[in-house]
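Q: Have a look at this prediction, sequence included:
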Amino acid sequence: MVLGAAGVVVVAGAIVCVAALDARRATLGLTLALLVAPLIADPLPPLVPLLFREVATLLGAYLLWILVRDTQPLTAGPLLGGRAEAAFVAAAFVVAFGLAPVVGHDRGPIAALAAGIAVAVAALDLVVFSGDVFRLGAGAVLALLAATLARVGLAGPPGPLEHLVIGSVLLVTVLATAHLGREAFAARGDLTLRRAAHDRG
């Protein structure tokens, strides 16, 4: 029950991230998903690796917050509309959660696998239909998170070293997003991707 609730919170964070037009709100959703995701495990991670991962998440969120504060708070927005894309992510979680027991899944928490699939849908939406650097970077972070959740769901909780690696990779991805965002803003005055700008023209 607790793992299922944590899975719902992670998916809710991913939904906010993919559906929000305001990058600050999207950052809060992304942060929520990243903070709660390590808790979908039985047993829970050791304290030190867990704290490292959570601190890495908070640092990454702070860097994204600075990026959108100093550049532009509004993103290109969801292509299909926030409600439609939120519905796709939520449906993926519900379907995966319902089908996992049917196919005989019993290696790791069902909530982790279902959340991983739902977060992967959100990541795919952000990466494929991204119109700006922020949404593309958020999609990359969610894709990494989806992979870690699926790994927990399929093979059980990761070890302490894996948590350190996961936290480091997620932080590096956020750093790259913040750097590319600042470069794009310095060059063009916004975070819009060249491809997206060309399509509108």
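A: That came through fine.
Q: quick one: contacts for the residue sitting nearest the centre point of the chain?
A: Nearest to the mean C-alpha position of the chain, by CA atoms, centre = their mean, lies Leu142 at 2.7 Å. Contact analysis of Leu142 by CB atoms under 8 Å, 6 or more residues apart in numbering lists 14, 17-18, 30, 33, 119-120, 122-123, 126. C-beta coordinates here come from the backbone N, C-alpha and C atoms, glycine included.
Q: so it is in which element?
A: helix 133-155 (DSSP states H and E).
Q: Please compute how far the next helix or strand after that helix lies from its chain's middle.
A: For helix 133-155, the succeeding helix or strand toward the C-terminus, using DSSP H and E, is helix 160-188. The chain centre lies 13 Å from the centre of helix 160-188; the measure is CA atoms, centre = their mean, to the nearest Å.
Q: can you check stretch 187-194 too?
A: From the chain centre to the centre of stretch 187-194 is a distance of 23 Å (CA atoms, centre = their mean).
Q: any idea of the mean pLDDT in that stretch?
A: Across stretch 187-194, pLDDT averages out at 77.
Q: Contacts for it next, please.
A: By CB under 8 Å, 6+ apart, stretch 187-194 touches 71-72, 75-76, 130-134, 136, 181, 184-185, 197.
Q: Any chance of a PyMOL selection covering the buried ones in these?
A: To isolate the buried members of the contacts of stretch 187-194 in PyMOL, using 16 or more other CB atoms under 10 Å:
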select buried, resi 71+72+75+76+130+131+132+133+134+136+181+184+185
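Q: Let me have the contacts of stretch 187-194 in CSV, extended by distance to Leu47.
A: Below are the contacts of stretch 187-194 laid out as CSV (distance: CB to CB, whole Å):
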residue, distance to Leu47
Thr71, 36
Gln72, 39
Thr75, 36
Ala76, 40
Ser130, 36
Gly131, 40
Asp132, 37
Val133, 35
Phe134, 32
Leu136, 34
Gly181, 33
Ala184, 39
Phe185, 39
Ala197, 46
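Q: Please name whichever of the contacts of stretch 187-194 scores lowest on pLDDT.
A: Across the contacts of stretch 187-194, no position has a lower pLDDT than Ala197, which has 43.
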